[in-house]
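Student: Just to be clear, the model below is a prediction. Sequence and coordinates:
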Amino acid sequence: YEGVVVFCVLYRLYASGLRVYGDKLEAALSGAVLIILGLVVTLGGALGWVWVTLEEGGDLFARLIPVEFTCVLCLLCNAAVGLLLPRLNMPGVLYYTALSSMFCAIPYVSFALWTNLGLPLALVLVMGMGAVVGQTLGILNTYTDENGAMESPEFSRVPPPCNMSTQGRSSAFPGRKTNGRAQAAYTPKVSFHVPTYAEPPDMVVRTLEALAEMDYPNYEVIVLDNNTPDRSLWEPVQKWCEVWNARNEREVFRFFHDAPITGAKAGALNLGLRRTADDARLIAVIDADYVAEPSFLRDLVPRFANESVAYVQTSHDYREVDTTFAYACYAAYMPFYKVINPCWGDLQGGIVVGTMALFRRDLLERVGGWAEWSLTEDSEISYRLHTHGYPGHVITQTYGRGLIPETFTDYRKQRFRWAAGPLQTFFVHWRRLVPVCLGGTGSMTSWQRFVEFRHSMAGVNAVPVLFSWLVVVLVLHLFEYLQFGPNVVPVVYFAGVAYMLSNILDRAFFIRLSGLSPTPWTLFLCSLAENSLRITIAIAVLAGSLSREPLKWNRTPKFKPYRNSQLRLLKICRYELFVALLYAGAIAYIFLYDFPARLKSPVIPYLTVAVLATEVLSALSALAMSEIANAALAPKTDASPGEETSEATDDDFLVEVGVRHSGATISESGAETDGEATGTPKMAPLPLEDTEDVMLVHALSRECALDSPTSNTLDDPENDV
């Protein structure tokens, strides 16, 4: 069984490396040569392992039978994958075969646990079935993340059958372009909604100037400033809109300042829906920092000629990526926006990501508008659209660029919201994910249900980082009690190292597909950015799962922050430092308890220490990211009026409940009222249909308002919990 495990992990390592760097190699060698080369390399490694671990007097040929059998299964699996997925090139065939070959290792590992540890057979069978389910889910995850990537030049052996010189993209695969001349005459009125809160006026004006240059004949722009307390921030934007309208003798830009309102960005967007022109058929949502390209509407509106299309989401992209910190964040962001989400869209499960998106107005109103209770109102609205059977497109092309957070604090707050929000959505809508045959509701396809579940649970794998230090120590005590020998554990560690290297190559593959060069420096920065958030995402998952009160909606400030002191950086990263101390304490305990002398195999504690040390470094990566971001900031000076600093809100990402973006309350009669006015009713609700979704949205939004204090500001550090 050791040889089988080694064979499988080496086979995956070879396939992962080949699909990243093997496109030129495939041009020189045939697919059969690549398969034979891979089998020779992996089989040689497995045979070498068998020879080294062979007990004296053992039957070498009997030990080789499982390895040879696994090799034959992989050959058959290569043929099956090539037939079932004809678009794959040979590196792709090898990769999916390698994922499937891991099923071969499961029965042998289960046999090892049964014979060497003496575990009950029933427990071993349960563990084996769990491994089978986990591997199956892993393959499904890989397919949902990469099915569309099969069309890319790096992954496909069949050129995409499309006209690359025309505008638009096909409905079958959002990454392709197709002829849109038949739809060119479709030019309905579009209403841009630009929500703002305490934004730099020059940045908002730049966004509006880009919208003024739209190459489209029929649109309006509604600027929705909500709850900005400083008039010097929103009045220049209002004045710009008035001057532009007067200069061009037509009213395109309409500015609204509302305070107080509930629901943060979603509340502002719902007000925008009520104020949209009656003849507008499409809604475009643009964040205040995004500069859109003139062709945005011209290229994408024709897709809505198909009445079933509910939304079109373009890729996030960013400008001013001119610092090491910004590039690290950029490398971590882009694989999802350029590869994974478009592949989900290929399965009609792509999610809305908040900006540079178009919606069909009547469908948006039909499902209940924007959910003011949700931290991620964007992905939540796509969830409800999918449950009603309304598909959408996800576009890989960039049509606008925004700004990356400039401090680690803001980066962390943003990702906290992105991790906790989908879990909130899951616990509200989970019944929609249950298959219809099991009593579920909704019109989602099986792939849509799987993608939505995958998206909701994306951060769950970060939770063990909070407790693994304790689990490892307990496992060592179990090994001491069982006097566990070295005959199984070394191959487990070997498999872990091979898997780690495979995951690094997988990340390189996604970085390459997203348009970046997978250099070691890019891989290092991407890994640093992702590892720095593990503690944050773990806390976000626990908060989204356990909290039954609304979490704080944290915006990403756009003002220029100032450089923090070293002591301040330590305070900002105190939670990551605490977890690093826990892992360091576990390392100290291993040596103080003298596990190397107590265990049958002294290599086990030393390998465990190596694993714990990597977790310490992972936790400390947050401090490294803070230092990298801080080094690029200007020294602190006296802030100008209305200006924010990164120090003011360094801990806002943590579990803050009951804090909403307004001072609205509910009167005794049950009517929603303004926080400052006495009994003044809020604007009338949207004229929506009486569906289950509408009632749910209104009920949860009312609950958020009930929990909102009568006086607060979004970024007041005194509201921290």
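Tutor: Received, thanks.

Student: how about stretch 601-618: buried residues?
Tutor: For stretch 601-618, the neighbour count (16 or more other C-beta atoms under 10 Å) marks 601, 604, 605, 607, 608, 609, 612, 615, 616, 618 as buried. C-beta coordinates here come from the backbone N, C-alpha and C atoms, glycine included.

Student: With respect to residue 406, which of those residues is nearest?
Tutor: residue 618 (23.3 Å; C-beta to C-beta).

Student: what's the closest non-adjacent residue to the closest one?
Tutor: residue 531 (4.5 Å; C-beta to C-beta, 6 or more residues apart in numbering).

Student: Just name the shakiest helix or strand of this structure by mean pLDDT.
Tutor: For the chain, using mean pLDDT, DSSP states H and E, the weakest element among its helices and strands is strand 665-666, scoring a mean of 28.

Student: Counting by contacts, list what the helix or strand that contains residue 420 packs against.
Tutor: Per DSSP states H and E, residue 420 falls inside helix 408-429. Helix 408-429 sits against helix 377-387, helix 446-456, helix 534-546, helix 603-631, with contacts defined as 3 or more C-beta pairs under 8 Å, 6 or more residues apart in numbering; DSSP states H and E.

Student: buried residues in that helix?
Tutor: Neighbour-count burial for helix 408-429, counted by 16+ other C-beta under 10 Å, picks out 408-426, 428-429.

Student: Ok, stretch 267-283 next?
Tutor: 267, 268, 269, 270, 271, 272, 273, 276, 280, 281, 282, 283.

Student: now the helix or strand where the first one lies and helix 377-387, what's the angle there?
Tutor: Residue 267 is located in helix 264-275, with elements delineated by DSSP H and E. Going by axes from the mean of the first three to the mean of the last three C-alpha atoms, to 10 degrees, helix 264-275 is angled at 60 degrees with respect to helix 377-387.

Student: which residues in the stretch 251-400 of the chain form strands?
Tutor: Taking DSSP state E, counting those that start in this stretch as the criterion, the stretch 251-400 of the chain contains strands spanning 253-258, 280-285, 291-292, 311-315, 318-319, 357-360, 392-398, 400-403.

Student: For residue 48, which of those strands is the nearest?
Tutor: strand 392-398 (43.3 Å).

Student: What angle do helix 377-387 and that closest one make with each other?
Tutor: Using the same axes, to 10 degrees: strand 392-398 against helix 377-387 is 140 degrees.

Student: Given strand 392-398, what are its sheet partners and their directions?
Tutor: Paired with strand 392-398 in the same sheet, following DSSP bridges, are strand 311-315 (parallel).

Student: got the angle between the strand it pairs with and strand 280-285?
Tutor: Note on geometry: by the same axes, to 10 degrees, strand 311-315 and strand 280-285 are set 30 degrees apart in direction.

Student: average pLDDT for strand 311-315?
Tutor: For strand 311-315, mean pLDDT rounds to 95.

Student: cool, and stretch 242-261?
Tutor: The model assigns stretch 242-261 a mean pLDDT of 92.

Student: Now do the buried residues in it.
Tutor: Residues of stretch 242-261 classed as buried: 244, 252, 253, 254, 255, 257, 258, 259, 260, 261 (neighbour count, 16+ other C-beta under 10 Å).

Student: Quick check: bridge partners of the nearest residue to the fourth one once chain neighbours are set aside?
Tutor: Counting by C-beta to C-beta, 6+ apart, residue 222 is the residue found nearest to residue 254 once chain neighbours are left out, at 5.1 Å. Note on residue 222: beta-bridge partners by DSSP bridges are residue 193, residue 254.

Student: Please report how far the residue nearest to residue 618 lies from residue 615.
Tutor: The gap separating residue 531 from residue 615 is 10 Å, by C-beta to C-beta, to the nearest Å.

Student: between the buried residues of stretch 242-261, which is nearest residue 137?
Tutor: Nearest member of the buried residues of stretch 242-261 to residue 137, counting by C-beta to C-beta, is residue 261, at 41.4 Å.

Student: Kindly indicate which of the buried residues of stretch 242-261 lies nearest residue 51.
Tutor: Scanning the buried residues of stretch 242-261 for proximity to residue 51, where the rule is C-beta to C-beta, the winner is residue 261, at 72.1 Å.

Student: So what does that closest one have for phi and psi?
Tutor: Per-residue torsions, residue 261: phi -130, psi 160 (degrees, to the nearest 10).

Student: Residue 353 too?
Tutor: With angles defined as degrees, to the nearest 10, residue 353 sits at phi -120, psi 30.

Student: before we move on, the earlier item: what is the nearest of the buried residues of stretch 267-283 to residue 228?
Tutor: Distance ranking of the buried residues of stretch 267-283 against residue 228, using C-beta to C-beta, places residue 268 first at 10.8 Å.

Student: Just list the residues touching the residue nearest to residue 254, thanks.
Tutor: Neighbouring residues of residue 222 by C-beta atoms under 8 Å, 6 or more residues apart in numbering: 191, 192, 193, 194, 254, 256, 272, 275, 276.

Student: let's see it at 7 Å
Tutor: Applying C-beta atoms under 7 Å, 6 or more residues apart in numbering, we find residue 222 in contact with 191, 192, 193, 254, 256, 272, 275, 276.

Student: Out of these, which is nearest to residue 463?
Tutor: For these, the nearest to residue 463 is residue 193 (35.6 Å; C-beta to C-beta).
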